[in-house]
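K.L.:
how would this look folded up:
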Amino acid sequence: MAGGMKTLAKETLFYGMGSVLPRLLSWFLSLYWAWVLPNISDIGVLGNFYAWVALLQVILTYGMETGFFRYANKEKDPERVFSTTFISIGFTTLLFFVATLLLLEPAAFALGGAAMKPHYLLLLVIILCFDVLGTIPFANLRFKKRPIRFAAIKIANVVLTIIFNLFFFLACPWLQTLFPDTFSWFDISHGVDYVLISNLVASIIQFLMVSPELKIRFTFDRALLGRILRYSFPILILGIAGILNQTVAQIIFPWVYPDEATAYTELGIFTQNLKIAVIMVMFTQAFRYAFEPFIFAKNKGATDDRQSFSDATKYFIILGLLIFLVTTGYIDIIKKLIPEGYYEGLKIVPIVLLADLFFGVYFNLSLWYKLTDQTRWGAYMSIIGFVITITINILFVRRYGYMACAWALFIASLVMMLMSYFLGQKNYPIPYNLKSTGLFFLLSMILFAGIIFTYNNVSGVWLRLLINTVLIGIYLFVVVKKELPLRELPVVGKWFR
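P.N.:
I've put the predicted structure just below:
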């Protein structure tokens, strides 16, 4: 493996600790909510709220994170780039906060109807503001190659969130039985409030932890900001369309589902089963945190190492397919993490896993328009993906419920991935090994068919798990034999030659 690929693998590991581990902990926390919140609809409400947060975070950062990486590598004074981008985001975030305060009640009703109480929106906006203000300081940690500090702060944020949630949902009910007068304020029916308060306190502490990055000489370069905005604006459109591809179902579901009384319950089932597929998202996010600085640094140097880009994408697909097989193959175990009331939604898991894999591949392929400063193409493709997603949701949710949401994710991600590949090969050709990756994809789909057959026709859980383990083992054996250097090792290597 080339030196650049070793660096990418090393940084993926560290950033995995800072992005995947917190997401994993957050995943367990969201699973815990399903056990402690009194109603499935509460999960639907939280899914709707955090979908809005994800969308607004993209809007409020308006592509500045990628713009920062581009110009921090391009300009002679990276500190000036950091200062300018942070001041810009800080100013727009303040404007957003003031506007929300002025329009709190009508905005709350417009976003979520009766489920979005005004104080919910206020808590969400404060959380959002602190997270947005931390975006550029966290990006600066990545730029300065400080993955350990990045990971420590991200992990601390989630650990604190978990501690506060455990206080409300585990300690408070127990303390209420011991000291009923002191804890008379606690009411489990207000569980959504406790989730938001826990998130708020943790977000404030996280911002304080990353704030040392702000100890610089602040300068504001208007001309530089103009160049960054011109570069980043298409990424904003890309980001909005991209995040809507992932969250639009949770945003509009209560509006388009025909039964208003059960809309949030159905959304809760969909949201909770999305959590099972989040492992693919975590893998993609870890890869993204290392891959984006890697490709810009490569482009800054004298060599044009397109083969490294090709190899990185190939290994991403191979590992992503392994995650797909492991998750579907051991669904009998994984489903025990959620209450039985959510089991009816397990059928969306394979669909969403593949959708997330396609979207991850789309991100890897997207380097061609970032390196050639043609970010408008990313915006075009994301808009097309969004149009596909929202069209399918509007046309089919009324009839097929959350299954339409899952297939919308799948189709949109597939179309975006294919478009990016063909456009990329025309504008910035990279020698992707389509034969190798295609064979691994075909193999994984054949093995997945075996997993589905086993799930539908073998009654014993342990026998199913044994058969699926063999199927996953076949995939691993082929991967090791064809792609990993174990064949060169003494003794062990003879099994892979």
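K.L.:
biggest helix in this protein, by residue count?
P.N.:
Ranked by residue count under DSSP state H, the longest helix found in the chain is helix 222-256.
K.L.:
who does that helix touch, helix- and strand-wise?
P.N.:
helix 40-61, helix 64-74, helix 78-102, helix 263-276, helix 376-400, helix 402-427 (3 or more CB pairs under 8 Å, 6 or more residues apart in numbering; DSSP states H and E). Glycine gets a C-beta too; all of them are placed from N, C-alpha and C.
K.L.:
Nearest to residue 139, out of the ones you listed?
P.N.:
With CB to CB, the closest approach to residue 139 among the helices and strands packed on helix 222-256 belongs to helix 64-74: 4.9 Å.
K.L.:
Give the buried residues for the closest one.
P.N.:
If you call a residue buried by 16 or more other CB atoms under 10 Å, then helix 64-74 has these buried ones: 64-72.
K.L.:
wait, which of those residues is closest to residue 138?
P.N.:
Using CB to CB, residue 65 is the member of those that lies nearest residue 138, at 8.4 Å.
K.L.:
That closest one and residue 89: what is the separation?
P.N.:
In this structure, residue 65 and residue 89 are 9 Å apart, going by CB to CB, to the nearest Å.
K.L.:
Can you list the low-confidence ranges for the stretch 301-450 of the chain?
P.N.:
Applying pLDDT under 70 to the stretch 301-450 of the chain flags residues 301-305, 370, 373, 375.
K.L.:
hmm, back to that, okay, the helices and strands packed on helix 222-256, which one's buried deepest?
P.N.:
When neighbours are counted by mean count of other CB atoms under 10 Å, the highest per-stretch mean among these falls to helix 263-276, a mean of 24.
K.L.:
what about that one, distance to the chain center?
P.N.:
Remark: helix 263-276 is offset 17 Å from the chain centroid, using CA atoms, centre = their mean, to the nearest Å.
K.L.:
what does that helix rub up against?
P.N.:
27, 30-31, 34, 39-48, 115, 249-250, 253-254, 257, 327, 331, 334-335, 337-338, 341-342, 344-346, 348-349, 352, 401-402, 405-406 (CB atoms under 8 Å, 6 or more residues apart in numbering).
K.L.:
Could you tell me the angle between that helix and helix 40-61?
P.N.:
70 degrees (axes from the mean of the first three to the mean of the last three CA atoms, to 10 degrees).
K.L.:
what's the closest of the helices and strands packed on helix 222-256 to residue 210?
P.N.:
Across the helices and strands packed on helix 222-256 (criterion: CB to CB), the nearest stretch is helix 78-102, sitting at 11.3 Å.
K.L.:
Which elements pack onto that closest one?
P.N.:
Helix 78-102 is packed against helix 40-61, helix 64-74, helix 118-133, helix 135-143, helix 222-256, with contacts defined by 3+ CB pairs under 8 Å, 6+ apart.
K.L.:
got those helices as CSV, with distance to residue 309 columns?
P.N.:
Formatted as CSV, the entries for the helices and strands packed on helix 78-102 read as follows, by distance: least, CB to CB, whole Å:
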stretch, distance to residue 309
helix 40-61, 25
helix 64-74, 16
helix 118-133, 30
helix 135-143, 19
helix 222-256, 19
